[in-house]
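S.K.: Need the 3D shape of this:
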Amino acid sequence: MKKLLFLLCASQLSFAQQSVFSQPQKDQLNSFNSPSLNDTTQKSIFIADDFELAKAVKIEKVKVFAKTDAGFLDAGNLISWNILIFQDQSGKPSAIPGKNETGVVYKFSKLASQGGVTVTQAGNDATNISVEFDTTDNSFVFQPNTKYWISVFPTVKSEENFFSEKFFYWAASTTTTPKLEQAKMVDPDDIMMNSYTTWTDLKGPSMGITGMAFELYGKDALSANDITKSAIKVYPNPTSKTLSINAKNVKSTEVYSLDGKLVLTSTKSEVNVETLAKGTYTLVVTFDNGQKSTEKFIKN
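M.R.: Predicted coordinates:
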């Protein structure tokens, strides 16, 4: 695994939400029974696909393409929507849904009635849909040229007969640029009795399928319009307990680890960093006028 660096390069940053990754769908006939988690047994078949980004980004929207069984969207069937994004572990997701959450960097779970998810019919067939997830609550900064895995799965009402349940089928993609890992599937409870209880390459019903159809939208980790690098002074640096900010009109502060994870927030000009592990961190200060400034510091 490459060492992850939280790079704050203002010349490469933009403010507006934009498409940061896209794998177009092949067609609706090449769709896979993506996880429809049973609300009673909590068992499912899961699919995951990988992605890499060109720059440091906060993902604010996930869009997937799918085919569904008739009645899948009914209030009596669809209970909730779920997303897990994993770190990579030797070319596979770092964890198995429902079994552990090792390396999970983002988790989305909302009731179908709760909002935050937009379902749009694609064409004349009501079972062909695109699903957009509002992930603006995400605070994780996805690093450039680093492999991550995404798994999308709804929770549905259980039926006495597993095969009578109304499913969600994630559409396949045949994109070859960039060349990434083959999409994976896992059946952790061996529902289909196929022994795919660890992540296994997903093989499609026709040749050429490499992954799943989805798009990611987001904004660069910090906006060039909002950042004034080194416009603040912080002391003492290094520090073991408290970091003081020599600036006026401080609205809020955020502390990021080197892997881009938000580890502390504050609304004061003094930040207690005593609980942080030793290492180098990036402090992002937001002022009352909306501008931001950054400074690195060392926790010893």
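
S.K.: Any buried residues in stretch 77-88, and which?
M.R.: Neighbour counts over stretch 77-88 (16 or more other CB atoms under 10 Å) mark 77, 78, 79, 80, 81, 82, 83, 84, 85, 86, 87, 88 as buried. C-betas here are computed from N, CA, C, even on glycine.

S.K.: Just the CA atoms of it, as PDB, please.
M.R.: Taking C-alpha atoms only, stretch 77-88 is exported to PDB below (Å, rounded to 0.1, in the frame of the first residue of the first chain):
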ATOM      1  CA  ASN A  77     -40.600  -4.200   0.300                       C
ATOM      2  CA  LEU A  78     -37.800  -1.700   0.300                       C
ATOM      3  CA  ILE A  79     -36.700  -0.900   3.900                       C
ATOM      4  CA  SER A  80     -33.400   1.000   3.600                       C
ATOM      5  CA  TRP A  81     -30.400   1.800   1.400                       C
ATOM      6  CA  ASN A  82     -26.800   1.100   2.400                       C
ATOM      7  CA  ILE A  83     -23.300   1.900   1.100                       C
ATOM      8  CA  LEU A  84     -19.900   0.800   2.400                       C
ATOM      9  CA  ILE A  85     -16.600   2.000   1.100                       C
ATOM     10  CA  PHE A  86     -13.600   0.000   2.000                       C
ATOM     11  CA  GLN A  87      -9.800   0.400   1.800                       C
ATOM     12  CA  ASP A  88      -8.000  -2.100  -0.400                       C
END
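
S.K.: so how far is that stretch from its chain's centroid?
M.R.: Distance, stretch centre to chain centre, for stretch 77-88: 10 Å (CA atoms, centre = their mean, to the nearest Å).

S.K.: Kindly report the same for stretch 151-161.
M.R.: Worked out by CA atoms, centre = their mean, stretch 151-161 lies 21 Å from the chain centre.

S.K.: Can you point out the buried residues in that stretch?
M.R.: If you call a residue buried by 16+ other CB under 10 Å, then stretch 151-161 has these buried ones: 151, 152, 153, 154, 155, 156, 157, 158.

S.K.: center of this protein, which residue is that?
M.R.: In the chain, the centroid-proximal residue (CA atoms, centre = their mean) is residue 85; its distance is 4.4 Å.

S.K.: so what's that residue closest to, chain neighbours aside?
M.R.: Distance criterion CB to CB, 6 or more residues apart in numbering; nearest residue to residue 85, sequence neighbours excluded, is residue 106 at 4.2 Å.

S.K.: before we move on, what about residue 70?
M.R.: residue 127 (6.0 Å).

S.K.: what residues are up against the closest residue to residue 140 other than its chain neighbours?
M.R.: Distance criterion CB to CB, 6+ apart; nearest residue to residue 140, sequence neighbours excluded, is residue 105 at 4.9 Å. Counting by CB atoms under 8 Å, 6 or more residues apart in numbering, residue 105 makes contact with 85, 86, 87, 140, 142, 148, 261.

S.K.: Those: which two are farthest apart?
M.R.: 86 and 261 (14.2 Å; CB to CB).

S.K.: Domain ranges for the protein, per the record?
M.R.: 13-220, 233-299 (automatic domain parsing).

S.K.: Would you single out the least confident of those?
M.R.: Comparing mean pLDDT across these, the weakest is domain 13-220, with a mean of 83.

S.K.: Pretty sure residue 69 sits against residue 154.
M.R.: No: counting by CB atoms under 8 Å, residue 69 does not reach residue 154; the two are 11.5 Å apart.

S.K.: quick one: residue 133 from residue 124, how far?
M.R.: Distance, residue 133 to residue 124, by CB to CB, to the nearest Å: 25 Å.

S.K.: If you could redo that for residue 285, that was the one I meant.
M.R.: Counting by CB to CB - residue 285 and residue 124 are separated by 52 Å.

S.K.: Would you confirm that residue 199 contacts residue 94?
M.R.: No: Residue 199 is beyond contact range of residue 94, at 9.8 Å (criterion: CB under 8 Å).

S.K.: Of the two, which one has the most company?
M.R.: Using other CB atoms under 10 Å, the more surrounded residue of residue 199 and residue 94 is residue 199, with 24 against 18.

S.K.: Now do the more buried one against residue 171, distance only.
M.R.: 20 Å.

S.K.: Ok, residue 84 next?
M.R.: Taking CB to CB, one finds residue 84 at 19 Å from residue 171.

S.K.: Kindly report the same for residue 197.
M.R.: Separation of residue 197 from residue 171 (CB to CB): 25 Å.

S.K.: Kindly report the same for residue 157.
M.R.: 23 Å.

S.K.: which one of the domains of the chain is the most hemmed in?
M.R.: Comparing the domains of the chain by mean neighbour count (mean count of other CB atoms under 10 Å), domain 13-220 ranks first with a mean of 18.
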